[in-house]
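Q: Predicted structure and sequence below. I'll ask about it afterward.
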Amino acid sequence: MLRQTLVRLSQQPQLRDFATHNGLARGMAERFVAGETLEQAIAVVRDVNTRAMSATLDHLGENVTSKKEAIEATNAACSMLAALTSAGVDCNASLKLTQLGLDLGDEIARENLQRILDQAAESDTFIRIDMESSEYVDRTLDIFYRLFETYQNAGVVLQASLYRSAQDLQRLIASKARVRLVKGAYLEPASVAFQQKADVDANFVKLTEMLLAEAHYPAIATHDPAMIAAAQRFAAGHQIAASSYEFQMLYGIRRDLQTGLVAEGYRMRIYIPYGSHWYPYLMRRMAERPANVMFVLGSIAREVTARGR
Ligand code: FDA
């Protein structure tokens, strides 16, 4: 119930504007977001690299409503790629097609993505297309397949929460595309998605096994120790080398698990978001773990008490 409410609130523009200018909410965002500027983000990438982990940088933004914003987001992605190259860090990029104008039409999003892929290809940088809510899955995959014919430096994300993902995965495996598997951060109806955590988890394990057995350098993106253990068991039982796949986690979440896996010899990539459009991202992180809401309420209570003194 709380999860549903928080995911719905993540789509509220008035709340977004309020939160973005609210000191407490900004403070909360700092736990999950590397900063508002590219320089701050690169500094976090360097820190992650010194801990023997790779990174993927996400310039936050989604659901733009004008061509101007879509072009600005594309320019920002290109500047980010240039900065990554000159910093010489171990980091690729993640982006969302609604940030590049998907709500305005497929062509504009495809053109903008192509510009980014062109630049990324010059420095041999990999671009991951995040997966958004189920209404975008067909169009995201269509755009991906069209560009993947030319740009092998692109990959996509599939969500274990959706019934369709096993079928989507078979086609992606046949195309030799790189896939990141996640549970799914969006609120989806029972007509398209599993509603019980146990069912999502069972599908995650099934898709993980398909990926490990057949896919080209898959990414298993989760903080769930049970999902990680299932991947490790399957890999060990099928003589799959730890260098043929990677685990991925979000910046600010389960740092202990991140470090522990690296110490055991597993590959780990940290998803690092930055920028001023952090509100929907932050709300999805709160929705994933109600304890985060208590953490924010605790900060507010402490702030109010301190002001009252
Ligand atoms: P689950 O939600 O079951 O959590 C397992 C444990 O992890 C929890 O018990 C807790 O300890 C910890 N945890 C999880 N979330 C936390 C949080 N917010 N704060 C603190 N602790 C937390 N989704 C999507 O729809 N499209 C996408 O493109 C992506 N991309 C993406 C990239 C990467 C690298 C990751 C790790 C995740 C995504 N996601 C995503 C988000 C994903 O769908 C999912 O919502 C979160 O990863 C949370 O699910 P878990 O697999 O961690 O399991």
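A: Looks like it came in fine. Residues are numbered from 1 along each chain as shown.

Q: Can I get the lengthiest helix in the chain as PDB, trimmed to CA atoms?
A: Among the segments of the chain that qualify as a helix by DSSP state H, the longest is helix 67-87. Included here for helix 67-87 are C-alpha records, laid out as PDB according to Å, rounded to 0.1, in the frame of the first residue of the first chain:
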ATOM      1  CA  LYS A  67      11.700  18.900 -27.900                       C
ATOM      2  CA  LYS A  68      13.900  21.500 -26.300                       C
ATOM      3  CA  GLU A  69      14.200  19.500 -23.100                       C
ATOM      4  CA  ALA A  70      14.900  16.300 -25.100                       C
ATOM      5  CA  ILE A  71      17.700  18.100 -27.000                       C
ATOM      6  CA  GLU A  72      19.100  19.400 -23.700                       C
ATOM      7  CA  ALA A  73      19.100  15.900 -22.200                       C
ATOM      8  CA  THR A  74      20.900  14.600 -25.300                       C
ATOM      9  CA  ASN A  75      23.500  17.400 -25.100                       C
ATOM     10  CA  ALA A  76      24.000  16.600 -21.400                       C
ATOM     11  CA  ALA A  77      24.500  12.900 -22.200                       C
ATOM     12  CA  CYS A  78      27.100  13.900 -24.800                       C
ATOM     13  CA  SER A  79      28.900  16.200 -22.400                       C
ATOM     14  CA  MET A  80      28.900  13.400 -19.800                       C
ATOM     15  CA  LEU A  81      30.500  11.000 -22.400                       C
ATOM     16  CA  ALA A  82      33.200  13.500 -23.200                       C
ATOM     17  CA  ALA A  83      33.900  14.000 -19.500                       C
ATOM     18  CA  LEU A  84      34.100  10.200 -18.900                       C
ATOM     19  CA  THR A  85      36.600   9.900 -21.700                       C
ATOM     20  CA  SER A  86      38.800  12.700 -20.500                       C
ATOM     21  CA  ALA A  87      38.700  11.500 -16.900                       C
END
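
Q: Show me what it is packed against.
A: helix 38-50, strand 54-59, strand 91-95, helix 106-122 (3 or more CB pairs under 8 Å, 6 or more residues apart in numbering; DSSP states H and E). Quick note: C-beta positions are derived from backbone N, CA and C, even for glycine.

Q: Now do the contacts for Gly88.
A: Applying CB atoms under 8 Å, 6 or more residues apart in numbering to Gly88 gives no contacts.

Q: If you could redo that for Met80, that was the one I meant.
A: Counted by CB under 8 Å, 6+ apart, Met80 has contacts 38, 41, 57, 59, 93.

Q: for Leu95, same thing?
A: Counting by CB under 8 Å, 6+ apart, the residues that Leu95 touches are 58-59, 77, 113, 116, 127-130.

Q: which residues in this protein form helices?
A: Going by DSSP H, the chain shows helices at 2-9, 13-20, 23-32, 38-50, 67-87, 106-122, 137-148, 165-174, 197-214, 225-237, 255-263, 279-288, 290-308.

Q: mind checking which of the ones you listed is nearest the ligand?
A: Minimum separation from the ligand across the helices of the chain (CB to the nearest ligand atom) falls at helix 279-288, 3.7 Å.

Q: Got phi/psi on Gly252?
A: The phi and psi values for Gly252, taken as degrees, to the nearest 10, are phi 90, psi 0.

Q: residues touching it, list them.
A: Contacts of Gly252 were listed using CB under 8 Å, 6+ apart, and they are 31-33, 285.

Q: Okay then, goodbye and thanks.
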